[in-house]
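Structure for this input, please:
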Amino acid sequence: MSSAADPLAPLAGLPGVADSVDSVRKAVDRVYGHRVMRRRAGEITSEAALRGARGSAALSGADWALEEVRRRTDFGAEEQARTVGAALRLTAEAGQLLSIWRQSPLRVLARLHLVASGSTPAVGAGAGAGAGERGGDTVGRPRLAGEPVHEPLIEAPLPSAEEVAGRLDGLSRLVIAGGSAPALITAAVVHGELLALRPFGTYNGLVARAAERIVLINSGLDPKAICPAEVGHAEQGREAYLAAFDGYVSGTPEGMAAWIAHCGRAVELGVRESTAVCEALQRGAA
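Predicted coordinates for the structure are as follows:
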């Protein structure tokens with residue numbers, strides 16, 4: 001596909017982006033080649049999901065210890081618990097939506113917001129079906145003019161509902177069309193665009209990171225979901241995450257390159273986390 005037909009293709013030529021793409025590919029290949037993956041891949045996937053959910057929740061203000069996330073069963077008591085519960089539900093749901101993503105990404109995003117909010121009608125139900133723990137009939141659909149957004153950690157200017165609708169349509173067309181851009185670039189753009197738009201009233205950061213996860217899995221880069229980028233985003237810290245995101249919002253070549261590099265580093269740190277799990281399993285320590 002030509003760059004004229006694939007608007008993401010030129011991003012691969014930005015300074016440092018090709019190196020990030022190559023470094024991520026090599027890191028992913030290494031962990032997939034680990035001997036433990038041949039026998040216990042399912043355990044690595046499950047652990048990566050748990051750790052990814054913990055990392056995503058941390059970036060949304062609920063920075064709980066891993067063992068607390070593993071131990072808890074009640075996630076409805078207060079805001080941080082609801083955030084952790086939403087992250088866990090999203091991570092579990094992402095794998096069920098892979099076949100739908102390339103045909104109807106907006107349907108997947110609506111579903112993700114329903115799941116995050118605690119509303120889980122059947123996947124085939126309408127986007128507005130059900131009512132979540134907050135938001136009523138605003139759950140599972142893009143916000144309308146005048147509706148508030150609860151995303152306190154993101155301070156970038158909030159696009160209008162009209163702009164959100166137009167840019168979501170553009171993002172959907174881009175995903176459906178596919179293209180030649182590497183998976184890392186597509187995942188970074190999907191993540192950054194959803195974070196910039198904040199199309200829902202709540203849980204936009206969690207949904208954006210879940211969508212990034214879906215792209216990385218669905219692209220074939222991480223088909224077994226063992227490279228949790230959310231872990232790497234959290235490990236780099238909220239300040240670095242927001243600084244890199246500011247680069248995406250700026251739209252400059254330097255800003256876009258910095259955001260893609262940040263996302264690439266997040267995947268590599270997720271790989272490192274799963275490699276450590278593999279080593280622990282090999283030693284019999286986990």
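
any low-confidence regions in the stretch 101-250 of the chain?
Under the criterion pLDDT under 70, the flagged ranges of the stretch 101-250 of the chain are 120-136.

let's see 90
Applying pLDDT under 90 to the stretch 101-250 of the chain flags residues 118-138, 152-153.

Strands of the chain, residue ranges please.
Using DSSP state E, no strands are assigned anywhere in the chain.

mind listing what the residue nearest the centre of it touches?
The residue lying closest to the centre of the chain (CA atoms, centre = their mean) is residue 209, at 1.8 Å. The contact partners of residue 209, by CB atoms under 8 Å, 6 or more residues apart in numbering, come to 56, 59, 191, 229-230, 233. Using the backbone N, CA and C atoms, a C-beta is placed for each residue, glycine as well.

Could you check how many residues crowd around residue 170?
12 (other CB atoms under 10 Å).

Next one: it relative to residue 16, how far apart?
26 Å (CB to CB, to the nearest Å).

Likewise for residue 220?
Residue 220 sits at a distance of 23 Å from residue 16 (criterion: CB to CB).

which of the two has more neighbours?
Neighbour count, other CB under 10 Å: between residue 220 and residue 16, residue 16 has more, with 13 against 8.

can I assume the more buried one is in contact with residue 256?
No: contact criterion CB atoms under 8 Å: residue 16 and residue 256 do not qualify, at 10.6 Å.

My guess is residue 108 contacts residue 98. True?
No: contact between residue 108 and residue 98 fails when scored by CB under 8 Å: they sit 9.0 Å apart.

For the stretch 151-286 of the chain, which segments count as helices?
Taking DSSP state H, counting those that start in this stretch to define them, one finds helices in the stretch 151-286 of the chain at 161-177, 183-197, 204-218, 229-236, 238-250, 253-283.

and these, which is most packed in?
For the helices of the stretch 151-286 of the chain, average neighbour numbers computed from mean count of other CB atoms under 10 Å are highest in helix 204-218, which has a mean of 27.

For residue 108 and residue 98, list the residues in contact with both.
Counting by CB under 8 Å, 6+ apart, the common neighbours of residue 108 and residue 98 are residue 214.

For residue 77, report the pLDDT, please.
pLDDT, residue 77: 73.

Ok, residue 17 next?
For residue 17, the pLDDT comes out at 98.

Now do it against residue 216, distance only.
With CB to CB as the criterion, residue 17 and residue 216 are 16 Å apart.

now residue 109
Plainly put, residue 109 is 16 Å away from residue 216 if you go by CB to CB.

got it, and residue 256?
To residue 216, residue 256 is 18 Å away according to CB to CB.

go on, residue 147?
The value you get for residue 147 to residue 216, if CB to CB is used, is 31 Å.

what do you get for residue 36?
Using CB to CB, residue 36 is found at 21 Å from residue 216.

and what of residue 105?
In this structure, residue 105 and residue 216 are 14 Å apart, going by CB to CB.

Likewise for residue 9?
Distance from residue 9 to residue 216, counting by CB to CB: 18 Å.

so what's residue 113 up against?
Neighbouring residues of residue 113 by CB under 8 Å, 6+ apart: 139-141, 200, 202-203, 207.

nearest spatial neighbour of it, skipping sequence neighbours?
Using CB to CB, 6 or more residues apart in numbering and skipping the chain neighbours, the partner closest in space to residue 113 is residue 200 (4.8 Å).

if we can go back for a sec, which one among the contacts of residue 209 gets closest to residue 69?
residue 56 (10.9 Å; CB to CB).

What residues does the closest residue to the closest one other than its chain neighbours make contact with?
Closest residue to residue 56 apart from its sequence neighbours, by CB to CB, 6+ apart: residue 230 at 4.1 Å. For residue 230, the contacting residues are 51-56, 59, 209, 213, 266, 270, by CB under 8 Å, 6+ apart.
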